[in-house]
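Participant: one predicted model, sequence on top.
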Amino acid sequence: MKAQCRRFHRNHDITEIVVVVPCQASEAVENFLEDLGAMGASIERFDMEGPTETVRGYFPHDKETDQLKRSVEAYLKEIEDFFPPTTRWRSAIRVLSPSDWQEKWKTFFRPIGVTRRLVIKPTWESYEARDNGIIIEIDPGLAFGTGLHPTTRLCLTFLENEIDRRIKESKGRSLLDVGTGSGILAIAAARLGARPVVGIEIDDTAREVARQNVKHNHVEGVVSVDSKKLEAIGGSFDLVLANIDAKTLAELRDPLIRLVSVGGRLALSGILKEQKQRFKGMFRGDQFHCVGEKSREGWSFLVFERS
């Protein structure tokens, strides 16, 4: 899931908290770190077959590190009984210099095929596309999405299939990406054939990262990145995509539904499997029906269509 990242100073030391937890607990820990005051938080999964995910939180170095560590350890102890005992929970804390934290995480981000055709590649790596492959080049910056998280991969698979279908059936392909983060979904949609594509992102740092990635992928004529809140967006879209946390999805229900055109689809990601039925009921309406659902590694993905 795309992490929210507040404005930070790139020339200052920061405190990094690293927590390794079962996959099902990662979103809860990410949200906790943000509530503690993290400038940024991210969820990473380096072993796609493994049972754990790594959650990183970045704090100003003037924060009391001992208190941070105690708070994290107390929270982990509080919630660990609610999740499968698949592994030992681990946490660590350290101070990073600007050069440390800007470069160290890059060693974990390598080109990876996320669908039949889409390959996500960091800007600093070389990779040649095969056959009809589409390469998306991303520099996610601190705590932004790389496409590795299951919720993002579910979105990318949906985009590939849905946009291909709409091209074949000569249907509209306008798209709104809610909470665009690094811009990865908006860029992928444009490369697959969506037109036009609007990404909205209220975080200043995230928005600048997304705009730079849009330029780097040469889709600035198709993709625009806006600072507006969802409620201020006018018109309607053939596809509305929201890969954000479940709490925010629930809060944004009405404007999300409003922005879907007749015959258009709304895709929701960031929902835990146990929350799926609640969201199906929440978004279902007289002219709004659930037409698809998928699950991956404890996460659910729902698609609704306006008739």
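Facilitator: Received it, and whenever you're ready, just let me know what you need. Residues are numbered from 1 along each chain as shown.
Participant: counting neighbours, what do you get for residue 301?
Facilitator: 23 (other Cβ atoms under 10 Å). C-beta: built from backbone N, CA, C; applies to glycine.
Participant: for residue 293, same thing?
Facilitator: Residues near residue 293, counting by other Cβ under 10 Å: 15.
Participant: that one touches residue 303, doesn't it?
Facilitator: Yes - using Cβ atoms under 8 Å, residue 293 makes contact with residue 303 at a distance of 7.0 Å.
Participant: hmm, who's touching the longest helix that the chain contains?
Facilitator: Taking DSSP state H as the criterion, the chain has its longest helix at helix 150-168. With contact meaning Cβ atoms under 8 Å, 6 or more residues apart in numbering, helix 150-168 is reached by 1-2, 23, 45, 114-118, 145, 147, 171-173, 184-185, 188-189, 192-194, 238-239, 241, 243, 265, 267, 269-270, 294, 296-299, 301, 303.
Participant: quick one: residues in contact with the following helix or strand past that helix.
Facilitator: Next along the chain after helix 150-168, taking DSSP states H and E as the criterion, comes strand 175-178. The contact list for strand 175-178 (Cβ under 8 Å, 6+ apart) reads 183, 185-186, 189, 194, 196-200, 230, 233, 237-244, 252, 256, 259.
Participant: can you flag the buried ones in those?
Facilitator: Buried members of the contacts of strand 175-178, scored by 16 or more other Cβ atoms under 10 Å, are 183, 185-186, 189, 194, 197-200, 230, 233, 237-244, 252, 256, 259.
Participant: which residue packs closest to residue 31, ignoring adjacent ones?
Facilitator: Among residues not flanking residue 31 along the chain, residue 245 sits closest, at 6.8 Å (Cβ to Cβ, 6 or more residues apart in numbering).
Participant: ditto for residue 71
Facilitator: residue 36 (6.1 Å).
Participant: if we can go back for a sec, the residue nearest to residue 31 contacts residue 270, correct?
Facilitator: Yes - Residue 245 lies in contact with residue 270 (Cβ under 8 Å); the separation is 5.3 Å.
Participant: more neighbours, these two?
Facilitator: Higher neighbour count among residue 245 and residue 270: residue 270, with 26 against 21, using other Cβ under 10 Å.
Participant: from residue 122, how far off is that one?
Facilitator: 23 Å (Cβ to Cβ, to the nearest Å).
Participant: quick one on the thing from earlier: from the buried ones among the contacts of strand 175-178, which land in strands?
Facilitator: Those of the buried ones among the contacts of strand 175-178 mapping onto strands are 197, 198, 199, 200, 237, 238, 239, 240, 241, 242, 243, per DSSP state E.
Participant: excluding chain neighbours, what is closest to the third one?
Facilitator: Pointing back at residue 199 there. Using Cβ to Cβ, 6+ apart and skipping the chain neighbours, the partner closest in space to residue 199 is residue 180 (3.2 Å).
Participant: what about that neighbour, neighbour count?
Facilitator: Residue 180 is flanked by 32 other residues according to other Cβ under 10 Å.
Participant: residue contacts, it?
Facilitator: Residue 180 makes contact with 2, 186, 199, 200, 201, 206, 207, 210, 225, according to Cβ under 8 Å, 6+ apart.
Participant: likewise residue 266?
Facilitator: Contacts of residue 266 (Cβ under 8 Å, 6+ apart): 239-242, 256-257, 260, 283, 288, 303-306.
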